[in-house]
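1. Sharing a model prediction with you, sequence too.
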Amino acid sequence: MVLFGASLLVFVVLRVVPGDPIVMMYGTEVDPRVVAAERQRLGLDRPILVQYEIFLEHIVTGDLGESLRYRRSAAQVVAEALPATVQLAAAAMGWAFILGVPAGIFAACTRGGLWDRIVMVLSLVGQCTPTFWLGILFMLLFAVILHWLPTSGSGTIKHLILPSLTLGLYMVALLARLTRSCMLEVLGQDYLRTARAKGLAEWVVVTRHGFRNALIPIVTVVGLQTGALLGGAIVTEAVFAWPGIGNLAVQATNTRDYNLVQAVTLLSAVVFVVINLAIDVLYTYLDPTVGYS
Amino acid sequence: MWARWEFGLAALLLFPVGLMGLFATLAPYDPNWLDTAARLTPPTMSLSGIGRHALGTDQLGRDVLSRMMYGTRISLTVGAFSVVVAGMLGLVLGLIAGYRGGWVDAVIMRVVDVVLSFPYILLAISIVAVLGASLRNIIIVFALSSWVVYARIVRGAVLALRNREYVLAARAMGCSSSRIVFRHVVPNIVSPLTVIASFELARIIVTEATLGFLGLGVPPPAASWGSMLADGRNYIQMAWWIGTFPGLALTATVLGINVFGDALRDALDPRLRHV
Amino acid sequence: MAKSNASKNGISRRQFLKTSVGVISAAGVGTLSTAGFAQSPPSSAARELIVAINADPDTLDTRTIVKTQAMAMHNHVCQALLMRDPKGQLHPWLAESWRKTAPTEIVFKLRSGIKFTNGEPLDADAVKFTYDNFLVKGMFPSVSRQKQDWIRALDRVEVVDKSTVRFVLKYPSNAFMIYVPFYSILPPGATKEMGDKFALAPVGTGPYKMGEYVPNSHLTLVANPDAWSGAPKTPRLTFRFIPEDATRMAALQSGEVCMVNNVTPDFATQLSRMSTLQVKEISAARSMYIYILCNKPPFNKREARLAVSHAINRQALVRDAMGGHAKIGGSPWSPAVRYYDPSLQPDSYDLPKAKQLLAAAGYDGSVIKFGFPTGMWLNDKIVAEFLLSSYKDLGLNVNAETLDFAAYYSNEQKHLYNLQMQSYGILPLHPDFWVGAILINTDNSLVMHDDQKIFNLIAEADKAPDERSIQKDYFELQREILDYAPVLNLYYFPYIVAQSTKLRGYEPRPDEHFFFWDATLAS
C-alpha cells in the first residue's frame, strides 16, 4: 500500500519535470534530430497514462526499466551500488552506538557534573552542523594535513572511517542525548532502588536493569532516523566519492535519469518499511522485560 | 536551575543573530553587488574606509558580512514559514485523523507513512525539480516533508484524550465536536507541539544548507546561509571566510534553538522527554 | 603564530583553524601543527598510476559513449582506424594508410597481424561490423544517435580484402574524416557474446586491457603484453571518479592520486603553491558564445548585433570574471581548432559607437530576453552578471532568465531568447563540428540567420579539393561570421589540469582527452 503510493508519487513528480533527459545525457553538442529519435525509442513521447501503466506492469515483474544514462537495467545498477551504502549506514550506526550510547550513559551517571555538560554541548553541536561541511573539514584535517586516512573512495576499512563518522555524527549526538535522558529517568525508578537495596553492584544496576529499559525509546528513535540516514548518505557519498546509491541518486537527478531515481526511491521505501517492521518486532521482544521488578 | 542555565545560553546565542536579521538593512554593502575586481579579499575585521570588507568578499566579489546579515532573514524566513505551514497542516490533519477515526484516519496515516518512507532529500529534489527552485518552493518542500511529524503527535494526543472522562462528559452534554477539540484537546498538545516545532526549525535551517550543497537551495543571487556554505566549501583552503562566518551564524542559531527547545521541554513537562 | 601561507600541504594552519572553529567549538584543533604531524604521503609505486577524473564514463562501449572523459578512458583499451593529435591532425592508428580513390570513396589499409585481446583478428570484417552498428537501423537499438548523426555522410562500408576497407560516402565531404577517431573498432565475436556486459568490460587492441570497472568508483586497466604498439610504460592504470571539486583536489594534495583534470582557476592558484605539484593550463577547443536570434527584431538588423558586440569589454570580462584565465581573439573558434586565423581581432570595446549602431538599427526599447546557464560552465554566473551590466550600459531593456540546463535545450525553448549565452566545445578540433551544427540552414537552428554567404562557405569548405582551398574557405568564413555577427565569441576557455611533479609523459590536450600509455611516475 505504502509502496504503491510511493511509486505513484515518484512517477508523477518525475514525469512532470521540465527537462529533457536525452539532451542531458548528450550534453550541449547534440542535434535535435538525434534528440527526437531517442525520445521515441525510449517511449518518452507516449501519453503519460500509458507510460504509468507500462511502469506498473514492469514493477510487478521486477523490471524497473533501463537507466537512461547507463543503458543497463536500473534495478541492476541500484543493486550493485546498494551494498556500499548499506556498509556506510551500518558503520555510521556503529559509531552511533559505540560513541553515543556510552557517552550518554556516562553523562547520566555523572549528572550535573562537568563531563555531563561537555558531552551535552558537544552533542548539541554535532546535531547542528551540516553534514557536508563536517565531511570536508574531516577530510582536510585527517587526510590532507595529517595523512592518517585516505581522502575519498572506497576499498579498505580506512576508507570507511571518515565517511561513516561524518554520516554517523548526527546520530552519535542524538543517541548521546537520548540515552542520557532515558537513563536519567530510569535511574530514578523504584525498581532500581530495590535492586540497589538488594545489594547489587552499581554497575549491574545501571547496565542490566536501567539500560535495558532505556533501550526501548532508543530503538524506536533509531528506527525513525533511518530515513534521515539515507538523506545524510546522499550528501556524504557525494563528498567522499563513495559509490553507493546516494551518489547514484544525485547523479541520476542531475541527468534526469527518471528510471534510476525511481529505482532508488522505491528501494529506499522498501528498506524503510522493512526496518520499521524489524523495529516493531524488536519492540515486542524488549517489552516483556520492562515489567521486571 | 538546569532550565535557567539553558535559557540563558539560548538567549546568548540567538540574540546577536536576531539583531543581525533585524538590522540587515544597515549592512555596509548591497549583498548582491558584484565587485569582480575585489574577489576573494580576506577579512579586515574593521568597517572603516571605503572598499574595506570586514569579513572579506566571496568568489564574486560580494561582501560577506552584508550577505550574512541578509542571509539571516532568508534562513529564518524559510525556517519559520516552513514550521508554521507544516505545523498547521499537521495539526489539522492530525486532529481529523484522531477525532474521526475510521477510514479517514487510515487514509491519512497511510499518507503519513508514504511521506515518511520517502527520504526527505529525494522528496526535496523531486519537488524542486518540478516547481523550480525559489524561496516559496523551498518552503513548500519543507512543509510537505515535515508536517507528518506534527500529525503523528497530534493524532496520538487526540486518541489518548478521546476517551477521557471529561471529553465523554462534554459530549454527553451535547458540546459540538469542534468545541471539544479546541477547549480540551488543543491545550494538551500545545506543549509537545512547541517543543517539536523548535527542533524542526533547527533541523530545517540545517537542511536548507544541505539543499544548497546539492544545488537545490534558495536560488542565486539570494544570500541564504546554506548557499554561502555551499559556495564556500570549494574555497575552504583559499578563502575560508566565505563559508566560516555563515557557518558560525548557522551553528549558533541552530544551537540556540535546540537549547531553547530542550529548556522549554524540561520546563513544560519533563514527561515529554521521549518526544 | 606562523604567517606563512606556503606549507607542505598548501593550507596554512591559520586558515584551517579559523574554519573549523567556526563549526566545531572544540578548541583542541588549534594545537595541531602541520609540519610536526604530517607524515610523508603514501608513495605511488611506479607500477601503478592513479588519477582522479571528474566524471564517471557510464559506459565504455563506443556505440553508447557520449562523454569526453569516457572517450579518453576507453581509448586506452579500444582503438580507432585513425588517431587525432593535439593539433587536430589525423594519424594512422589501426589503419596504416588511407587515400581518397574517388570524391566519395576512401580506402583504408589496415595494419596486419593485430589481434584483439580475446584472440579475434583485427580485419576488414571487424571494421565493417563496427560501422554497421551505426549505419544499419535496428542492428544495435541503444546506439548513440549522436554518433549516428556524425557520420551521416557515410553510406556504407565495403570489405575489399582482409586488410582493406572502402568507405563509400553519400556525397563528397571533407569533414567526414574528422569523426573517424571517435569510432573504435569492435571485435564482432566478443561484442555479440557479451551483449550488455561489453559496456562494462570492452575488448580491444590497445596497450591496456580491462581490469575492473566499478561504476561511480573507479576503472582499473592492466597492461596488454601483446599490444601491437608495445606495452604501456606503466603496467597498471586506475581512474578514480570524483565529481566533487574539493574532494578531487584533496586527493591530489594528499598524494593519493598523481593527476586531476578540470581544475578551476581558484584551485589552480592554491595548488600551484605546493612544491610537489604542477599546474598546467592550455587553451581548450571550447569557447563561450552569445547566440543571437537573427529572425526577430531588433537583432534581425546587423547593426544591432554589432552594437552588442562593441558594448562588451572582453578584456575586462576575462580579467574580472575569468581571473585572467581565458584568451580572446576575433575568430569564432579557439586557436586550438584547425584553420584558426590569428590575424582577426575581436570587436573593440567602444560604447559610444555601440550606442550609435543600436540607434541606427532602430531599437525601440522593447524587451530583450537573455538566457544564461548557471553552474554548467566555469564561472558562468559571473560572466552572465558581467554581460548584464554591459547590456545596461548599452541601454538595452533586458529580461534575464536562468536556464535550467536541461529545459534549456528543449525545442520549444530555443527561440524564446533573443540572446543566449552558451559554451561549445569543438572536440575534433575542426570547425565543421561547430559551424555544421550551429550555422547551417535548418528550422531549429539556435540562431536562424539567413546569410547565404555563410551557408555557401560551409558547404564549399566541406567539398574543397585540397588543404589550401579548405583553409581559404574557412578563413573567409571566419571573417564573414565576424562581420555578419549571428554569433558573438566572448573568449576561449582554458583547460587546466594539475599533476604531481613526478609524473612524466602526460600533457593536457585541447580536446580535453587524456592518455597515459607513455606516462611514468618517478618514485
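-> Yes, it's here. Residues are numbered from 1 along each chain as shown, chains lettered A, B, ... in the order given.
2. Could I get the full set of helices for the stretch 51-200 of chain B?
-> B:64-100, B:102-117, B:120-131, B:135-162, B:165-172, B:177-180, B:186-213 (DSSP state H, counting those that start in this stretch).
3. okay, those in JSON lines with mean pLDDT and distance to chain A next?
-> (C-beta placed from N, C-alpha, C; glycine too.) Shown next, in JSON lines, are the helices of the stretch 51-200 of chain B (pLDDT from 0 to 100; distance: least, CB to the nearest CB, whole Å):
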{"stretch": "helix B:64-100", "mean pLDDT": "87", "distance to chain A": "12"}
{"stretch": "helix B:102-117", "mean pLDDT": "78", "distance to chain A": "4"}
{"stretch": "helix B:120-131", "mean pLDDT": "67", "distance to chain A": "4"}
{"stretch": "helix B:135-162", "mean pLDDT": "82", "distance to chain A": "9"}
{"stretch": "helix B:165-172", "mean pLDDT": "68", "distance to chain A": "27"}
{"stretch": "helix B:177-180", "mean pLDDT": "64", "distance to chain A": "29"}
{"stretch": "helix B:186-213", "mean pLDDT": "82", "distance to chain A": "4"}
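4. need those helices in TSV with mean neighbour count, can you?
-> Output for those, formatted as TSV (neighbours: other CB atoms under 10 Å in any protein chain shown):
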stretch	mean neighbour count
helix B:64-100	22
helix B:102-117	16
helix B:120-131	22
helix B:135-162	21
helix B:165-172	12
helix B:177-180	14
helix B:186-213	22
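5. C:E467: how many residues sit nearby?
-> When neighbours are counted by other CB atoms under 10 Å in any protein chain shown, C:E467 registers 10.
6. Roughly how far does it sit from chain B?
-> 43 Å (CB to the nearest CB, to the nearest Å).
7. Let me know the pLDDT of that residue.
-> Looking at C:E467, its pLDDT reads 91.
8. May I have the phi/psi pair for it?
-> Note on C:E467: backbone dihedrals following degrees, to the nearest 10 are phi -60, psi -40.
9. How about the stretch 151-293 of chain A: which residue is closest to chain C?
-> Using CB to the nearest CB, the closest approach of the stretch 151-293 of chain A to chain C is made by A:P243 at 3.7 Å.
10. Got the phi and psi for that residue?
-> Dihedral angles for A:P243 - degrees, to the nearest 10 - are phi -80, psi 60.
11. Quick check: pLDDT value at it.
-> For A:P243, pLDDT reads 89.
12. Run a quick neighbour tally on it.
-> 24.
13. Quick check: it touching A:S154?
-> Yes - using CB atoms under 8 Å, A:P243 is in contact with A:S154, at 6.0 Å.
14. Give the intersection of the neighbour lists for those two.
-> Common contacts of A:P243 and A:S154 (CB atoms under 8 Å, 6 or more residues apart in numbering or on different chains): A:84, C:217.
15. Spatially, and excluding backbone neighbours, which residue is closest to B:R265.
-> B:V195 (4.4 Å; CB to CB, 6 or more residues apart in numbering or on different chains).
16. B:F142 versus the one you found, what's the distance?
-> Per CB to CB, to the nearest Å, B:V195 is found 18 Å from B:F142.
17. And B:I153, by the same measure?
-> Taken as CB to CB, the span from B:I153 to B:F142 is 18 Å.
18. ok, now B:F213?
-> Relative to B:F142, and taking CB to CB, B:F213 is found at 16 Å.
19. And for B:L95?
-> From B:L95 to B:F142 the distance is 21 Å (CB to CB).
20. same deal with A:L141?
-> 31 Å.
21. ok, C:N133 - contacts?
-> C:63, C:139-140, C:143, C:186.
22. could the residues you listed be laid out in CSV, adding distance to C:R338 and secondary structure?
-> CSV is the format used below for these (distance: CB to CB, whole Å; DSSP: H, G, I helix; E, B strand; the rest coil):
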residue, distance to C:R338, secondary structure
C:R63, 27, coil
C:M139, 33, coil
C:F140, 31, coil
C:V143, 28, coil
C:L186, 28, coil
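23. Ranking by neighbours, what's the top pick from the residues you listed?
-> Neighbour max across these (other CB under 10 Å) = C:L186, 26 neighbours.
24. Surely it and C:F129 touch.
-> Yes - under the criterion of CB under 8 Å, C:L186 lies in contact with C:F129, with a separation of 6.3 Å.
25. can you pull out the helices in the stretch 351-500 of chain C?
-> C:351-360, C:380-394, C:411-414, C:432-438, C:452-463, C:467-484.
26. Just name the most buried of these.
-> helix C:432-438 (a mean of 21; mean count of other CB atoms under 10 Å in any protein chain shown).
27. on contacts alone, who are the packing partners of that one?
-> helix C:452-463 (3 or more CB pairs under 8 Å, 6 or more residues apart in numbering or on different chains; DSSP states H and E).
28. which residues touch C:A227?
-> C:205-208.
29. I'd like the residues you listed laid out as TSV, including secondary structure, neighbour count and pLDDT.
-> Below are the contacts of C:A227 laid out as TSV (DSSP: H, G, I helix; E, B strand; the rest coil; neighbours: other CB atoms under 10 Å in any protein chain shown; pLDDT from 0 to 100):
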residue	secondary structure	neighbour count	pLDDT
C:T205	coil	26	95
C:G206	coil	24	94
C:P207	coil	24	96
C:Y208	strand	26	96
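30. Sort out which one of those lies nearest C:F433 for me.
-> C:F433 lies nearest to C:G206 out of the contacts of C:A227, by CB to CB, at 24.5 Å.
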